[in-house]
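Undergrad: Have a look at this prediction, sequence included:
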Amino acid sequence: MAQVAAERHASVETSMHEFVERTPDLRYVFFGGKGGVGKTVLAGMTALWFARQGRRTVLASTNPVHSLSGLLDQDVFGKHTPVDGVENLWAFEIDTRDAIERSKREIREKIQWFLKFAEISTKAEEFVEAATTNPAFEESAMFENMVDLMFADAYDVYVFDTAPTANARRLLGMSKVYGLWVNKMVKSREEAQTLREALSFTKKKEQDPLMEYLLSFRGRIEHARELLTDPARTAFFFVTLPEALPIAVIRRFIAWFTDFGIPVGGVVVNQVIREEDGLDAPEFVRNRIAMQREYLEQIGNDFAGMVRAILPLYDDEIRGVASLDRTAPELFA
Ligand SMILES: Nc1ncnc2c1ncn2[C@@H]1O[C@H](COP(=O)(O)OP(=O)(O)O)[C@@H](O)[C@H]1O
Ligand SMILES: [Mg+2]
């Protein structure tokens with residue numbers, strides 16, 4: 001009886017399985033939500049499931065926390081690593097420090113070149129420091145990493161275990177901001193160049209490496225945006241628990257992502273205590289079940305038609321391939 005009540009409120013209309021079947025070109029899968037709700041675990045189950053379908057899959061993380069190595073019980077840090085015992089599955093925990101250093105070097109070269117080009121006699125270092133010592137720079141380096149991986153085109157499916165909090169949205173939202181910024185830069189460079197040509201006696205066109213860089217950068221960003229906003233290829237899933245805070249977080253995320261034109265694949269409700277486990281349970285457990293019933297109702301109302309799966313709270317943490325193999329079929333039931 002009670003179980004029926006809970007399931008009526010947050011019900012699965014189009015399941016995860018149906019969703020991926022209806023989206024056969026799906027290649028870029030992301031998981032977002034509050035910290036601790038199960039993003040890493042669900043990304044792992046999803047990647048494993050795709051790999052078991054025979055598709056070359058990578059499970060990737062730009063998250064500085066070494067969560068994938070922990071999930072898989074295998075060191076996957078810093079390089080594409082075949083997952084032990086699973087054909088078609090690779091895991092890759094991107095070394096963000098490495099990426100940040102690389103970006104710093106590139107920016108330094110560009111600034112040095114520009115200062116020389118513009119005949120400004122200032123040390124590049126100050127500019128480099130200003131450009132690279134802020135959290136947005138780290139995020140942008142992580143974004144670049146993600147895009148590099150996507151463009152390398154080495155896999156059929158990419159499952160990203162994204163960072164918690166607002167990073168995920170910013171990582172993707174950044175592509176739009178980059179696009180606008182680069183357009184502005186390109187326009188002002190064009191104007192400067194036209195002026196320079198008009199003022200110079202020699203009519204030969206000057207080469208402008210900064211302009212070339214901006215154009216190629218804009219091309220990359222536009223390509224990334226094209227991929228990330230294409231509902232045939234990209235889906236962002238949001239994970240919540242039957243609790244107030246994680247629901248509030250994904251409600252906000254979904255609104256943001258919808259604004260950015262980033263395709264929302266749906267909602268996964270995780271760690272739901274099974275009603276039947278409450279029958280002979282202590283009062284504490286029965287209270288939790290009563291509480292989650294209310295939140296399941298809220299989820300059913302707020303995310304009508306978007307719930308792709310409702311997963312139980314398992315009696316153990318999910319860790320290792322065997323554990324993922326046991327649970328993935330429930331996500332893709
Ligand atoms: N349905 C579940 N049942 C039992 N434990 C779970 C479940 N989902 C996640 N966990 C556990 O909860 C913890 C947090 O999950 P994790 O995927 O790391 O969250 P996130 O990546 O969102 O921070 C992990 O120890 C994981 O094994
Ligand atoms: Mg995680």
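TA: Structure received. Ligands and ions are numbered 1, 2, ... in the order given.

Undergrad: If the residue in the stretch 101-250 of the chain that ligand 2 sits nearest to is in a bridge, with which residues?
TA: For the stretch 101-250 of the chain and ligand 2, the shortest gap (Cβ to the ion) falls at residue 161, measuring 5.6 Å. (Glycine included, C-beta is placed from N, CA and C.) Legend: beta-bridge partners of residue 161 under DSSP bridges are residue 31, residue 61.

Undergrad: residues near it, how many?
TA: By other Cβ atoms under 10 Å, the residues close to residue 161 number 26.

Undergrad: For the chain, which residues are neighbours of ligand 1?
TA: By Cβ under 6 Å from any ligand atom, the part of the chain that sits against ligand 1 consists of 33, 35-41, 67, 164, 270-271, 311, 313-314, 317-319.

Undergrad: three-state assignment of the single nearest residue of the stretch 151-300 of the chain relative to ligand 1?
TA: Here the residue of the stretch 151-300 of the chain nearest ligand 1 is residue 271; by Cβ to the nearest ligand atom that distance is 4.5 Å. Put simply, residue 271 is strand when judged by DSSP: H, G, I helix; E, B strand; the rest coil.

Undergrad: any idea how far it is from residue 34?
TA: 12 Å (Cβ to Cβ, to the nearest Å).

Undergrad: ok, now residue 143?
TA: As for residue 143, its distance to residue 34 is 21 Å (criterion: Cβ to Cβ).

Undergrad: Show me where this structure has its helices.
TA: In chain order, the chain shows helices spanning 2-9, 16-22, 39-52, 67-72, 96-117, 124-132, 135-152, 167-199, 209-228, 244-260, 283-302, 321-331, with DSSP state H as the criterion.

Undergrad: hey, which of those helices is tucked in deepest?
TA: Per-residue neighbour counts averaged over each of the helices of the chain give the maximum for helix 39-52, namely a mean of 26 (mean count of other Cβ atoms under 10 Å).

Undergrad: Mind giving me the packing neighbours of that helix?
TA: Under the contact criterion of 3 or more Cβ pairs under 8 Å, 6 or more residues apart in numbering; DSSP states H and E, helix 39-52 touches strand 28-32, strand 57-61, helix 67-72, strand 89-93, strand 157-161, strand 234-240, strand 264-272, helix 321-331.

Undergrad: residues in contact with the residue of the stretch 101-250 of the chain closest to ligand 2?
TA: Residue 161 is in contact with 31, 39-40, 43-44, 59-61, 63, 67-68, counting by Cβ atoms under 8 Å, 6 or more residues apart in numbering.

Undergrad: Just give me the closest of these to residue 242.
TA: Nearest to residue 242 out of the contacts of residue 161 is residue 39 (Cβ to Cβ; 16.3 Å).

Undergrad: what's the closest one in contact with, if anything?
TA: 31-33, 161-162, 164, 239.

Undergrad: With adjacent residues omitted, what lies nearest to it?
TA: Beyond its immediate neighbours in the sequence, the residue positioned closest to residue 39 (Cβ to Cβ, 6 or more residues apart in numbering) is residue 31, lying 4.2 Å away.

Undergrad: Any regions of the stretch 151-300 of the chain where pLDDT drops low?
TA: Scanning the stretch 151-300 of the chain with the threshold set as pLDDT under 70 gives 163-179, 201-207.

Undergrad: Touching, residue 140 and residue 103? I think so.
TA: Yes - assessed by Cβ atoms under 8 Å, residue 140 is found in contact with residue 103 at 7.4 Å.

Undergrad: count of neighbours near the residue of the stretch 151-300 of the chain closest to ligand 1?
TA: Neighbours of residue 271 under the rule other Cβ under 10 Å: 20.
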